[in-house]
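Quick one, structure for this:
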Amino acid sequence: MISVLIPAYNEAERIGATLAAVRSFLHDGEIIVVDDGSSDNTAQIADASGATCVFRQPNRGKGAALQAALALSQGDLVLLLDADLGDTAREAELLLLPVQNGGAEMTIATFPVIPGRGGGVGFVVKLARWGIRQLTGRTMAAPLSGQRAIRRDSLMETGGFAAGWGVEIALTVEILRNGGRVVEIPTTMTHRVTGRNITGIWHRLRQFLAAAWILLRLSLRSGGRNPKGKAVTHG
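Numbers count the residues shown, from 1 in each chain. Here you go, the predicted model:
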């Protein structure tokens, strides 16, 4: 069974379309939404839009929301999706087959790069890409992509999800360190891009600090191990 885990924070405008897109291809599975302290009606819309389970918790960050969703799920294949994908969430189906057929322990969706709208050139992405390369020897096109499919047993071997915004970095590093094969899948998915106002700048700064912190922790835990995993980009 497939478990779709969706952390959500103030995504009332998009989560309904995201869930509808997921339901268009998910025929044997469950959708677990964790509302991470939203101040809007994200949870109510998720419940009305066909989520199998909607769990509400105080705002604790993306990693904690994913960990809560994991604890509520039962599938042997886990699909991680952001809540703001809207109709483009239907492309998440592309992530499943390589994991189902044993070609990868984890797949990651890459997004098209749109000049002026993020998608792989921001300073947080550059830090994450550099850090993963330093720790594993692999260069990832989409080091912060939250759209991933992974076998449950592979995920549990990593110890679950790291706290905060460093969750994707930690997951990539741990899978590669464990000898897992990571495959990046090109998609045309889109999501809400953080603005260039003060709020957006503060958001990106917090992301940068979180990424730096998780990379430091992973570096201290490395113990001098050499990378064993393979990173592959399909295209």
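
CA only for contacts and neighbour counts going forward, please
OK.

what separates the residue nearest to the spatial centre of the chain from Leu220, distance-wise?
In the chain, the centroid-proximal residue (Cα atoms, centre = their mean) is Gly146; its distance is 2.1 Å. Noted for Gly146: a distance of 24 Å to Leu220, by Cα to Cα, to the nearest Å.

Kindly report the same for Pro7.
28 Å.

next one: Gly37
Taken as Cα to Cα, the span from Gly37 to Leu220 is 32 Å.

the more surrounded of these two?
A count of neighbours by other Cα atoms under 10 Å puts Gly37 above the other of Gly37 and Leu220, at 18 against 10.

Need phi/psi at that one.
Main-chain torsions, Gly37, degrees, to the nearest 10: phi 80, psi 30.

these two touch, right, it and Phe55?
No - counting by Cα atoms under 8 Å, Gly37 does not reach Phe55; the two are 10.1 Å apart.

mind checking the end-to-end distance for stretch 138-158?
Per Cα to Cα, stretch 138-158 runs 18 Å from first to last residue.

Show me what it is in contact with.
With Cα atoms under 8 Å, 6 or more residues apart in numbering as the test, stretch 138-158 has contacts from 75-82, 92, 95-96, 99, 105-111, 120, 125, 128-130, 132-133, 168-169, 171-172, 174-175, 184, 230-231, 233.

List buried members of these by neighbour count.
75, 77-82, 92, 95-96, 99, 105-111, 120, 125, 128-130, 132-133, 168-169, 171-172, 174-175, 184, 230-231 (16 or more other Cα atoms under 10 Å).

so where does the residue nearest to Met1 when sequence neighbours are not counted fall, helix or strand?
Leaving out its chain neighbours, the residue that sits closest to Met1 by Cα to Cα, 6 or more residues apart in numbering is Gly75, at 4.6 Å. Using DSSP states H and E, Gly75 sits within no helix or strand.

measure Gly75 to Val125 for me?
For Gly75, the distance to Val125 - Cα to Cα - is 30 Å.

ok, Asp36 to Leu19 distance?
From Asp36 across to Leu19, the span is 17 Å (Cα to Cα).

Tell me where the protein has helices.
For the chain, the helices defined by DSSP state H occupy 15-23, 42-48, 62-72, 96-100, 123-136, 152-157, 167-177, 198-220.

how far does the last one sit from the chain's center?
When distances are taken as Cα atoms, centre = their mean, to the nearest Å, helix 198-220 is centred 16 Å away from the chain's centroid.

Check which residues of that helix are buried.
Buried, per 16+ other Cα under 10 Å, within helix 198-220: 204, 207-208, 210-212, 214-215, 218.

what's in contact with that helix?
Against helix 198-220 from outside (Cα under 8 Å, 6+ apart): 123-124, 127-128, 131-132, 135, 164-166, 169-170, 173, 194-195.

Report the lowest-confidence entry in those.
Note: of those, the lowest pLDDT belongs to Gly195, at 52.

Which of the helices and strands in this structure ranks last by mean pLDDT?
Ranked by mean pLDDT, DSSP states H and E, the weakest helix or strand in the chain is strand 230-233, scoring a mean of 50.

Which one of the helices of the chain lies nearest to Asp87?
Among the helices of the chain, the nearest to Asp87 by Cα to Cα is helix 15-23 (5.4 Å).

May I have the closest one exported as PDB, CA atoms only?
Provided in PDB are the C-alpha atoms of helix 15-23 (Å, rounded to 0.1, in the frame of the first residue of the first chain):
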ATOM      1  CA  ILE A  15      -4.600  21.900  -0.700                       C
ATOM      2  CA  GLY A  16      -8.000  20.900  -2.100                       C
ATOM      3  CA  ALA A  17      -6.600  20.800  -5.700                       C
ATOM      4  CA  THR A  18      -3.500  19.000  -4.400                       C
ATOM      5  CA  LEU A  19      -5.600  16.300  -2.900                       C
ATOM      6  CA  ALA A  20      -7.800  16.000  -5.900                       C
ATOM      7  CA  ALA A  21      -4.800  15.500  -8.100                       C
ATOM      8  CA  VAL A  22      -3.400  12.800  -5.800                       C
ATOM      9  CA  ARG A  23      -6.700  10.900  -5.700                       C
END
